[in-house]
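Enquirer: Just need the structure, nothing else, for what follows:
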Amino acid sequence: MRSAAWHARIEYGGAVAGAGFLVAPRTVLTCAHVVQDSEPGLLAVSFPNRPDLGVLPAVVAVDGGWAGGATDPGDLAVLELACEVPLAPARFAPPGDGPGPALPVLVAYGFPQGYDEGQLAQYRAVSTTRIAGQWVQLEATTAHGQPLTHGFSGAAATLPDGRVAGMVAQVAGEHGVRVARMLPTEVLARHWPGLGELVPACDGDKDPTRRLYALVRRAEAAGPVCSPDQLFVDAVGDFGPELPPGGFGSLREAVGYVQFEVEQPAEALARFADRLTELLDGPAEPVAAAAPAPAWAPILVEIDRSGAGADQVTVAVSAYRDGRPRPIGTVRLPRAEVREHVQRGIDRAFRQLAPDAEELLTFVLPRDLLNLPVAHWACSADDSTPLGCAHPVVVADRSRHHSARLRHQLGKQWHHLTKGPGTALHRIDCGTPERPLGLRKRLREQEAGLAAFGAPPDAAPQHFEVGLNMPVPVLLWPHTGCADAAGHSAPCPGTAFLDALTPCVEGVSPAELPRHIQALREEAEADEEPERHWARNLQLLWDDPRCFPEPATSLHSPVA
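Expert: Numbering: from 1, shown residues only. Coordinates of the predicted model:
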């Protein structure tokens, strides 16, 4: 506070009207009700800690939309001084460093009656809860200090280190009442977007805020370069706030939402700036050659038991872009409604993919639902084409999709598989006498990357579990087959399935199998007797963890 010459006194017609604070060389922020009905030539600003600067004429340059009532939002005004002043403006605290009951007291510099030179008041936030989404309630730290009365409206509420956390907007209206309200920084920025550039996202040299707003000005001058909604989605990434209803009307609106609605927003704002730079200047030259990323852009559909009843499941849809998931939505619903919901979710997810992306529809299912014929589901209510014919469709086991141990093993196996042009198929015939432990030993010793079963999972559950837990990255099987594989001694539909499958997949690069299987499904549907074609009921479990990198630390909307 000792060097805070930026505290301002607002004068009207030579009398003190309230307080304010310098935020730029010619810009002072105060409350709208402090300067309401001001006439030209009568409004002025002075700086009590720099009396040598004199009294400077000012005009209202921007208002926050305040309608005049005590509880109306937008009670702020931006004043423009007649000339620049040689003072360092106020410093703002980053979002999240603002008021809260666990933080130290807030200090306000105001001008109550009889103290034209100013007076300090110490207050503390009652709660992080916003009253009507606007105000933080303050109460005095003691019963004997300076109350926030007339003359404090428009004063900066500062942390002990002098950084601004908000502005005093409403003072006590009754004698002896030591409560007040302040507008926190993010609310001020909501009503005056120009403030956003002045509020750092973090302390130190890595703050991306000014760089990003400079890019926004460039983009505004150049014309539309990208949808603000898409830039927002790219910036918040993994688990940030969902796109607000109706989206954003401008880049500034999107930036402000990231800045003040994402906890610790520096990383998201840096991504926003990087993406905007790429759109304005083109992609940056790579520093060094990197290993090629997987070509697929997955659309992920996770289905799981909800725990709310046998008929209830949870469905989450997301789309991957630039190695990060963009959540589309998560709902709990009856199983009968899953197909229609997934159709709509997949359609929405396509909006998140890059124009040249190779889509991969991946259904992550619990083990008892791995045989769900998702490739047979229609594309939409208006398009009966099976999903598996229109797009590459694969399934993945939910338990190993979320297991760090198995993801690590799968990653090593894929590294081994990519060294060769193709891989051999390891058959598990219908009715095989091979014990599960013997199968495990065989798959491990032969470093199996591709295995196929002659029967669906429920016909040989122990053998199927071996394939999942080894783990083998690619598994294939028919949806239907012999209900009881035990004791088979003669050729059966499972054997015929494996005999037809083997020459079709051996030698094919595992990375290309989803597209290859899509072609086989199309061939089966186009057959004169599709129900009898061996590939029509083909299920593909394809599990490349490189397509699903671990998400970064969760982002969420803060309460402070």
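
Enquirer: Distance check, Ala17 against Leu231.
Expert: Shown here: Ala17 relative to Leu231, a distance of 41 Å by Cβ to Cβ, to the nearest Å. In short, each C-beta sits where N, CA and C put it, glycine included.

Enquirer: Correction: the previous question concerned Met470.
Expert: According to Cβ to Cβ, Met470 and Leu231 sit 42 Å apart.

Enquirer: buried ones in the helix or strand hosting Leu475?
Expert: Counting by DSSP states H and E, the secondary-structure element that holds Leu475 is strand 474-478. Judged by neighbour count (16 or more other Cβ atoms under 10 Å), strand 474-478 contains these buried residues: Val474, Leu475, Leu476, Trp477, Pro478.

Enquirer: Parallel or antiparallel, which strands does it pair with?
Expert: Neighbouring strands of strand 474-478 in its sheet, by DSSP bridges, are strand 450-453 (parallel), strand 538-542 (antiparallel).

Enquirer: Compare those and report which one is nearest to Asp397.
Expert: Evaluated over those, closeness to Asp397 peaks at strand 538-542, with 6.8 Å, by Cβ to Cβ.

Enquirer: quick one: contacts of the closest one?
Expert: By Cβ atoms under 8 Å, 6 or more residues apart in numbering, the list of residues contacting strand 538-542 from outside reads 362, 370-371, 373, 375, 393-397, 456, 473-479, 501, 510, 513-514, 517, 520-521, 524.

Enquirer: coming back round to it: tell me the one among the buried residues of strand 474-478 nearest to Arg275.
Expert: For these, the minimum distance to Arg275 (Cβ to Cβ) is 34.1 Å, reached by Val474.

Enquirer: can you list the domain ranges for this protein.
Expert: Taking automatic domain parsing as the domain assignment, the ranges for the chain are 1-193, 200-281, 296-388, 398-547.

Enquirer: Redo those domains as CSV? Include mean pLDDT.
Expert: As requested, the domains of the chain are arranged in CSV below (pLDDT from 0 to 100):
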stretch, mean pLDDT
domain 1-193, 87
domain 200-281, 84
domain 296-388, 90
domain 398-547, 87
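
Enquirer: And the host helix or strand of Gly18, what's buried?
Expert: Using DSSP H and E, the secondary-structure element containing Gly18 is strand 15-24. Judged by neighbour count using 16+ other Cβ under 10 Å, the buried positions of strand 15-24 are Val16, Ala17, Gly18, Ala19, Gly20, Phe21, Leu22, Val23, Ala24.

Enquirer: Out of those, flag the one nearest to Pro147.
Expert: The nearest one, if we look at the buried residues of strand 15-24 relative to Pro147 and count by Cβ to Cβ, is Ala19, at 14.3 Å.

Enquirer: Return the residues in contact with the closest one.
Expert: With contact taken as Cβ under 8 Å, 6+ apart, Ala19 is in contact with 7-10, 30, 34, 108-111, 151-156, 168.

Enquirer: Can you say which of these are buried?
Expert: Of all the contacts of Ala19 considered here, the ones buried according to neighbour count by 16+ other Cβ under 10 Å are 7-10, 30, 34, 108-111, 151-156, 168.

Enquirer: Of those residues, which belong to helices?
Expert: Per DSSP state H, helices hold no members of these.

Enquirer: Grab the longest helix from this structure for me.
Expert: The longest helix of the chain (DSSP H) is helix 266-281.

Enquirer: Check which helices and strands that one sits against.
Expert: Contacting helix 266-281 under the criterion 3 or more Cβ pairs under 8 Å, 6 or more residues apart in numbering; DSSP states H and E are the following elements: helix 209-222, helix 228-236, helix 251-261.

Enquirer: which residues are in contact with the helix or strand just after it?
Expert: For helix 266-281, the following helix or strand on the C-terminal side (DSSP H and E) is strand 296-305. Where contact means Cβ under 8 Å, 6+ apart, the residues beyond strand 296-305 that reach it are 312-321, 325, 338, 342, 345-346, 349-350, 353-354, 357-366, 369, 372, 374, 392, 398, 514, 544, 547-548.

Enquirer: can you do 6 Å?
Expert: 313-320, 342, 346, 349, 353, 357-366, 547 (Cβ atoms under 6 Å, 6 or more residues apart in numbering).

Enquirer: Can you list the buried residues in stretch 143-152?
Expert: Those would be Gln146, Pro147, Leu148, Thr149, His150, Gly151, Phe152, for stretch 143-152 by 16+ other Cβ under 10 Å.

Enquirer: mind putting those in TSV, distance to Glu267 included?
Expert: Supplementary listing: those in TSV, determined by distance: Cβ to Cβ, whole Å:
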residue	distance to Glu267
Gln146	41
Pro147	42
Leu148	37
Thr149	42
His150	43
Gly151	41
Phe152	37
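
Enquirer: Out of those, which comes closest to Pro530?
Expert: Leu148 (78.0 Å).

Enquirer: Once you drop chain neighbours, what's closest to Trp414?
Expert: Here the nearest residue to Trp414 in space, its sequence neighbours aside, is Asp544; by Cβ to Cβ, 6 or more residues apart in numbering that works out to 5.5 Å.
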